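Participant: got a structure for you, letters missing:
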């Protein structure tokens, strides 16, 4: 029982780091447009991250818990490897200011540890395939929706004085930022819920069937919200200003496009990357202005981080799976 408690704490540490690492996803646009100061922006985002469990179901958590690797191969050793793979990759990319995906780091760590235990037969390919497809689809969807929204909004406000339009969108951005933070909390916190629920199921503490206890929901949402409160300012700078300069109007378009993408993913139970989604949307609003408004070299570096996140976290997860075995964790 002691080991289970320790692993739950480690999972909540990952959830906290996820909020810390991905705070930029929720607040980068509203901070870069100077609609809110960083201090108030993180509090705003943390609140909507926390209440997300009341809006969405737990479809994403169930995908993580049963749809990435077979529940039958889940052990303390596998969970430890998965969490350490994700945590270490998160810390490395946070220190480097690289907006990689905490979600895909966790999935990569889980696959790495699972495959090390039971070979490739451990992988639930249908669930992993959905997640892998989302690596391409979530930023592409965010990009296209943001591009369309900029065009629609630009035509709708073509006769409105710029200063008046700016004032309107500064108010509207509170709504779009709230919606994005809600989508972020609804997708990312559920990934840790799925890991903890899989651990409880493996130990026969779920009453014979896989489900997510309410205390797990509350603990994960709280850890995510606390991480968001502390923020990740290195990544805010990359997301909010280094990719492209944003106006309040563009911030609204990016956040709304990201929100639509995340809401759809939450309802479909697909664990997408909130980082990928908002980055695609930010690139979309920049490209709508003109192609050279986007710093493509920065975007390229981010894409490289996306590609290597799952295999890198998987390798780390495999190493820590073996280390756990060496220290008697099974």
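Facilitator: That came through, no problem. Please read these numbers as outputs of a predicted model, since none were measured by experiment.
Participant: so where's the stretch 151-300 of the chain shaky on pLDDT?
Facilitator: Within the stretch 151-300 of the chain, the stretches with pLDDT under 70 are 231-245, 289-300.
Participant: now the helices for it?
Facilitator: Remark: helices assigned in the stretch 151-300 of the chain by DSSP state H, counting those that start in this stretch are 162-202, 214-230, 233-237, 248-268, 274-289, 296-326.
Participant: repeat that for the stretch 1-150 of the chain.
Facilitator: Assigned by DSSP H, counting those that start in this stretch, the stretch 1-150 of the chain shows helices spanning 2-32, 38-51, 59-66, 76-96, 102-118, 125-156.
Participant: packing partners for the shortest one?
Facilitator: The one in question is helix 59-66. Under the contact criterion of 3 or more C-beta pairs under 8 Å, 6 or more residues apart in numbering; DSSP states H and E, helix 59-66 touches helix 102-118, helix 125-156, helix 162-202, helix 248-268. In short, each C-beta sits where N, CA and C put it, glycine included.
Participant: so for residue 261, which of the helices of the stretch 1-150 of the chain sits nearest?
Facilitator: Taking C-beta to C-beta, helix 125-156 is the member of the helices of the stretch 1-150 of the chain nearest to residue 261, at 4.8 Å.
Participant: list the buried ones in that closest one?
Facilitator: By neighbour count on 16 or more other C-beta atoms under 10 Å, the buried set for helix 125-156 is 127-128, 130-131, 134-135, 137-143, 145-147, 149-150, 153.
Participant: please apply the same query to stretch 223-230.
Facilitator: For stretch 223-230, the neighbour count (16+ other C-beta under 10 Å) marks 223, 224, 225, 226, 227, 228, 229 as buried.
Participant: which residue is nearest the centroid of this structure?
Facilitator: Geometric centre of the chain, nearest residue: residue 274, 3.9 Å, by C-alpha atoms, centre = their mean.
Participant: any idea how far residue 72 is from it?
Facilitator: Counting by C-beta to C-beta, to the nearest Å, the separation of residue 274 from residue 72 is 30 Å.
Participant: still on that earlier bit, JSON lines for the helices and strands packed on helix 59-66, including distance to residue 51?
Facilitator: Shown next, in JSON lines, are the helices and strands packed on helix 59-66 (distance: least, C-beta to C-beta, whole Å):
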{"stretch": "helix 102-118", "distance to residue 51": "20"}
{"stretch": "helix 125-156", "distance to residue 51": "23"}
{"stretch": "helix 162-202", "distance to residue 51": "7"}
{"stretch": "helix 248-268", "distance to residue 51": "14"}
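Participant: now, of those, which is deepest in the fold?
Facilitator: When the helices and strands packed on helix 59-66 are scored by mean count of other C-beta atoms under 10 Å, the highest mean neighbour count falls to helix 102-118 (a mean of 28).
Participant: for that one, packing partners?
Facilitator: helix 2-32, helix 59-66, helix 76-96, helix 125-156, helix 162-202, helix 274-289, helix 296-326.
Participant: tell me the mean pLDDT for the first one?
Facilitator: For helix 2-32, mean pLDDT is 81.
Participant: what's the offset of that helix from the middle of its chain?
Facilitator: 9 Å (C-alpha atoms, centre = their mean, to the nearest Å).
Participant: and it with helix 274-289, angle?
Facilitator: Per axes from the mean of the first three to the mean of the last three C-alpha atoms, to 10 degrees, the angle that helix 2-32 makes with helix 274-289 is 10 degrees.
Participant: what do you get for the fourth one?
Facilitator: In terms of direction (the same axes, to 10 degrees), helix 125-156 departs from helix 274-289 by 30 degrees.
Participant: how close does the residue nearest to the centre of the chain get to residue 100?
Facilitator: Going from residue 274 to residue 100 by C-beta to C-beta gives 11 Å.
Participant: how about CSV for the helices of the stretch 1-150 of the chain, with distance to residue 268 added?
Facilitator: Compiled in CSV, these are given as follows (distance: least, C-beta to C-beta, whole Å):
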stretch, distance to residue 268
helix 2-32, 19
helix 38-51, 20
helix 59-66, 7
helix 76-96, 23
helix 102-118, 15
helix 125-156, 8
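Participant: wait, which of these is closest to residue 322?
Facilitator: helix 102-118 (6.7 Å).
Participant: could you pull up the mean pLDDT of that closest one?
Facilitator: Mean predicted confidence for helix 102-118 is 92.
Participant: what's the answer for stretch 41-50, then?
Facilitator: Per-residue scores along stretch 41-50 average to 81.
Participant: got the contact list for the closest residue in space to residue 121 that isn't next to it in sequence?
Facilitator: Once flanking residues are discounted, residue 121 sits nearest to residue 70: 7.9 Å by C-beta to C-beta, 6 or more residues apart in numbering. Applying C-beta atoms under 8 Å, 6 or more residues apart in numbering to residue 70 gives the contacts 114, 118, 121, 122, 123, 124.
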